[in-house]
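**Student:** Any chance you could fold what I've pasted below:
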Amino acid sequence: MDLENEVMELITNAGYARSLVFQAIAVAREEGDFAEADNLMQQAQEALSTAHHTQTKLIEMDEGTGKVPMHIVMVHAQDHLMNAIMLTELGREIIALHKKIAEKG
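**Tutor:** Got it, this is the predicted structure:
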């Protein structure tokens, strides 16, 4: 396993997921297109799943024994993943609120 490529894949997919969630929120807010927002959220979830799978591979490789050297870029990758996870959860709630407001308006 090429450690550098795996870490960059994690960062890339987590960042892509984050970007898709922001797009989904914007589509829900600005256009009221909840089908497209749902589509973007599904794409975000797929990118997030890929990032999480990469994280799992890295954890398995380390086996809890410190086999994988810890570098700042790995901390950065973990930060990206955790932020993407949190934003995805919040994004679902924000979109649901926009939908509820649109239904009442």
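
**Student:** can you map out the helices along this protein?
**Tutor:** 3-26, 34-62, 72-104 (DSSP state H).

**Student:** mind putting those helices in TSV, mean pLDDT included?
**Tutor:** Shown next, in TSV, are those (pLDDT from 0 to 100):
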stretch	mean pLDDT
helix 3-26	95
helix 34-62	94
helix 72-104	95
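
**Student:** OK, contacts around the nearest residue to G15 once chain neighbours are set aside?
**Tutor:** Nearest-residue entry for G15: H80, 5.8 Å, with adjacent residues in sequence omitted and distances by C-beta to C-beta, 6 or more residues apart in numbering. Just so you know, the C-beta spots here come from the backbone N, C-alpha and C atoms, and that holds for glycine as well. H80 makes contact with L10, I11, A14, G15, R18, A51, according to C-beta atoms under 8 Å, 6 or more residues apart in numbering.

**Student:** Pick the most deeply packed of the helices of the chain.
**Tutor:** helix 3-26 (a mean of 19; mean count of other C-beta atoms under 10 Å).

**Student:** which strands and helices sit next to that one?
**Tutor:** Under the contact definition 3 or more C-beta pairs under 8 Å, 6 or more residues apart in numbering; DSSP states H and E, helix 3-26 sits against helix 34-62, helix 72-104.

**Student:** Relative to F22, which of those is closest?
**Tutor:** helix 72-104 (7.7 Å; C-beta to C-beta).

**Student:** can the contacts of H80 go into JSON lines with extra columns for distance to A35?
**Tutor:** Shown next, in JSON lines, are those (distance: C-beta to C-beta, whole Å):
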{"residue": "L10", "distance to A35": "30"}
{"residue": "I11", "distance to A35": "30"}
{"residue": "A14", "distance to A35": "25"}
{"residue": "G15", "distance to A35": "25"}
{"residue": "R18", "distance to A35": "21"}
{"residue": "A51", "distance to A35": "25"}
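
**Student:** Show me which of the residues you listed is closest to A24.
**Tutor:** Looking at those and their distance to A24, the nearest is R18, at 10.9 Å (C-beta to C-beta).

**Student:** these two touch, right, the closest one and M86?
**Tutor:** No - R18 lies out of contact with M86 (C-beta atoms under 8 Å); the separation is 9.6 Å.
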